[in-house]
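> Please find the sequence and the predicted model below.
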Amino acid sequence: MNELFRIQNLNKFYGRGSHKKYALSKISLELPSNTSIGIVGESGSGKSTLARCLLGLIKPNSGTIYYKGGDITKFDRKDFRNFRQEVQMVFQDPYSSLNPRMRIGQIVSEGIQVFHLAKNKEELFNKTKSVLNQVGIDDEMFDRYPRQFSGGQRQRISIARALAVSPRILICDEPVSSLDVSIQAQILNLLRECSQKLSLSTIFISHDLGVIRYIADFIVVMQKGQIIEFGLSKNIFANPQSSYTKSLLQAVPIPDPQVQRERFSSL
Amino acid sequence: MSSQKSNQPVLEVSDLSISITPKNDSPIQIINNLNFTINSGERVAIVGESGSGKTVTAMAIMQLLDGAHYQGSIRFLGEDLVKKNERELREIRGGKIAMIFQDSLSTLNPIMKIGQQITEVLMIRGVNRTSARNRALTLLSELGFEKPLTIFNHYPHQFSGGMRQRVMIAIALIAQPQLLIADEPTTALDVRIQAEVMNLLNDLAEKKRLSVILISHDMGVVAGFADRVVVMYSGRVVEQGGVQEIYRKPKHPYTRALLNSIPTVNRDPACDLPFIKGITPEPQNRPSGCVFSDRCTQVQDLCKTTSPEFTRIASRHEYACFFPGNDGAV
């Protein structure tokens, strides 16, 4: 299997001495490419820290992350630039992750300019338009500001911004947790559709196992900075190995009065 | 779930419409002709997307909406809350009707000790310090705090989200209310903590024979807790009924779409999730006719011109739709 990221003995801690707290502790993992990987865990489990390390946004204290065989912490400027183009992120909060003073056309086209992906203004414009259309935003909205959009639309714009630079990997950190269920369903469908069409690999962080099941081929279960379980999504859902994963699955509310009540009394 | 449920309504919301008037602008109707009742010991969930009017309804019951104009009535134990003055309302708020808010971090006072914040509710009602303290300690241990005495001297920031939410429950329940309004009480919590808090709320509500309004957008949480479900959309009730009826035989296309769009752990992940096109309209831009007509998949010409009346199919199951569905939701 072709690997996307190879992580070896990754550690990240905050504080020192007796106050030392490990956000990531001895993480070793190989993430296969052309798949969708879900990272689940509760708050404080280190899932976002791991994602940010993969993106090079947080420097780990020790350990290495290999991307296409190269250690990302040792990348030179040029390699790192390349890496940044290939690995894009969609953040959790569509309100704070879009610059309120930029028009959405600018927001989406900025990356294309930075990575010189368009030869001239016209191409830039067309590229921006097509990526906005791809995520279901009308290109007439080009000149509007983020505040003029709803939460779901903003998340579409965030996705367009990430897709604009033709990445190979999309890291999504709780991209739907602040959205209503009906809107959540739209965004999940969109992310799935885009990753299939563009043969993207996605790393998807969520605390919602329902969402993860829908989107991920592989699942990484994390707790307190450690990996508890890693495997094929269908296997983990059908037959969870660790008691932690079992308890997570047990706690997911199921929208069925009878089932949910029975589980309630068994908790 | 609870064994004794008399039919005397605790809360009766009848023909309630609420409008607010923004500065230099014409009034906007945010709640339109709301009708529902809550019997003693009953748990009613109000569900809907953001902007459907769930929280506004809760705030209206607490009479906490500034500058709102009410039509209709909100009767609590037979008395109309809309007609009460501030002084009478102060007695009721936190006393007979208590509320748990979503965001515990911003609702708890960061510079007051937990103990003070709980006992305060009783002491302003004339209970002396010692008995207030004792009642608070008992309640905290009922809420699963092992050392309530040490908790007493802690500040909110020393607690985790789940613990803070349990403290919020303590503050709400300390004055022995008859009606508890819980506005998205577990939305900010992790699944395991959510299950814990909902379980606790479930047990306490049963033990203290509370009537509860649970406001939630999580149909899973609602399924495990509520006796009845009120589905709101754009300031109106579109369907209401018993929890079994709403989940097993939903009639209104909106209810069905809400139930269908949830990515659950037991559905086939290979299929695309059904979703609802568009977003909830702003109160000033509601479509004419049925409010849901512009997003509905079953829409016909009639829906765009005429607002549907309620059709009652069981003693307390009703929906407002001309073309209801008959098949189940999922």
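Yes, it's here.

> Can you report how many residues lie near residue 107?
Let's take chain A. Look at A:Ile107: counted by other C-beta atoms under 10 Å in any protein chain shown, it has 20 neighbours. Just so you know, the C-beta spots here come from the backbone N, C-alpha and C atoms, and that holds for glycine as well.

> nope, chain B please
17.

> Next, the contact list for A:Gln155, please.
Counting by C-beta atoms under 8 Å, 6 or more residues apart in numbering or on different chains, A:Gln155 makes contact with A:Val90, A:Pro94, A:Pro175, A:Val176, A:Leu179, A:Ile187.

> let's see it at 6 Å
By C-beta atoms under 6 Å, 6 or more residues apart in numbering or on different chains, A:Gln155 lies in contact with A:Pro94, A:Ile187.

> Could you do A:Thr128 as well?
A:Gly105, A:Val108, A:Ser109.

> quick check, the last one in a helix?
Yes - applying DSSP: H, G, I helix; E, B strand; the rest coil, one finds A:Ser109 inside a helix.

> Just the buried subset of the contacts of A:Thr128, please.
The neighbour count (16 or more other C-beta atoms under 10 Å in any protein chain shown) marks A:Gly105, A:Val108, A:Ser109 as buried among these.

> low pLDDT regions in the chain?
Looking at chain A here, since you left the chain open. Scanning chain A for pLDDT under 70 picks out A:1, A:264-267.

> Sorry, I should have been clearer: chain B.
B:1-7, B:327-330.

> and B:Ser216, what are its phi and psi?
phi -160, psi 150 (degrees, to the nearest 10).

> Report the contact partners of it.
Per C-beta under 6 Å, 6+ apart, neighbours of B:Ser216: B:Glu184, B:Val222.

> Name the nearest residue to whichever residue of the stretch 1-150 of chain B sits closest to chain A, ignoring sequence neighbours.
Using C-beta to the nearest C-beta, the closest approach of the stretch 1-150 of chain B to chain A is made by B:Glu49 at 4.2 Å. In space, and not counting its chain neighbours, B:Glu49 is closest to A:Asp180: 4.2 Å by C-beta to C-beta, 6 or more residues apart in numbering or on different chains.

> Kindly report the same for A:Glu42.
Nearest to A:Glu42 is B:Asp190, by C-beta to C-beta, 6+ apart, at 4.0 Å.

> ok, then the element right after the longest helix seen in chain A?
Counting by DSSP state H, the longest helix found in chain A is helix A:181-197. For helix A:181-197, the succeeding helix or strand toward the C-terminus, using DSSP states H and E, is strand A:201-206.

> buried set for that next one?
Here strand A:201-206 shows A:Ser201, A:Thr202, A:Ile203, A:Phe204, A:Ile205, A:Ser206 as buried, counting by 16+ other C-beta under 10 Å.

> quick revisit: quick check, nearest of the contacts of A:Thr128 to A:Leu98?
Distance to A:Leu98, by C-beta to C-beta, is smallest for A:Val108 among these, at 10.0 Å.

> Now do the closest one against A:Phe204, distance only.
Distance of A:Val108 to A:Phe204, computed by C-beta to C-beta, to the nearest Å: 22 Å.

> residue boundaries of the helices in the stretch 201-330 of chain B?
Remark: helices assigned in the stretch 201-330 of chain B by DSSP state H, counting those that start in this stretch are B:219-225, B:243-248, B:253-260, B:301-305.

> How about residues contacting the shortest one?
For helix B:301-305, the external contacting residues (C-beta under 6 Å, 6+ apart) are B:Gly289, B:Cys290, B:Ser293, B:Phe322.

> Please identify the residues of the stretch 51-200 of chain A in proximity to chain B?
Neighbours of chain B within the stretch 51-200 of chain A, by C-beta under 6 Å from any C-beta of the partner chain: A:Ser150, A:Asp180, A:Val181, A:Ser182, A:Ala185, A:Gln186, A:Leu188, A:Asn189.

> Include neighbour count when you put those into CSV, please.
Supplementary listing: these in CSV, determined by neighbours: other C-beta atoms under 10 Å in any protein chain shown:
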residue, neighbour count
A:Ser150, 17
A:Asp180, 23
A:Val181, 24
A:Ser182, 25
A:Ala185, 25
A:Gln186, 24
A:Leu188, 23
A:Asn189, 18
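
> Backbone torsions only: list them for A:Arg77.
Note on A:Arg77: backbone dihedrals following degrees, to the nearest 10 are phi -50, psi -50.

> ok, back up a step: would you format the buried residues of strand A:201-206 as a markdown table with distance to chain B included?
Listed next are these as a markdown table, based on distance: C-beta to the nearest C-beta, whole Å:
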| residue | distance to chain B |
| --- | --- |
| A:Ser201 | 18 |
| A:Thr202 | 14 |
| A:Ile203 | 17 |
| A:Phe204 | 12 |
| A:Ile205 | 13 |
| A:Ser206 | 10 |
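
> What strand or helix carries the residue in the stretch 1-150 of chain A that chain B sits nearest to?
Relative to chain B, the nearest point of the stretch 1-150 of chain A is A:Glu42 (4.0 Å; C-beta to the nearest C-beta). Assigned by DSSP H and E, A:Glu42 falls within no helix or strand.

> Contacts only, for the residue nearest to B:Val10 when sequence neighbours are not counted.
Leaving aside its chain neighbours, B:Val10 sits nearest to B:Ser211 (4.5 Å; criterion: C-beta to C-beta, 6+ apart). By C-beta under 6 Å, 6+ apart, the residues touching B:Ser211 are B:Val10, B:Ile38, B:Ser40, B:Gly41, B:Glu42, B:Leu179.

> Identify the residue nearest the geometric centre of the chain.
Defaulting to chain A. When chain A is reduced to its mean C-alpha position, the nearest residue by C-alpha atoms, centre = their mean turns out to be A:Cys172, at 1.7 Å.

> To clarify, I was referring to chain B.
B:Ile215 (2.6 Å).
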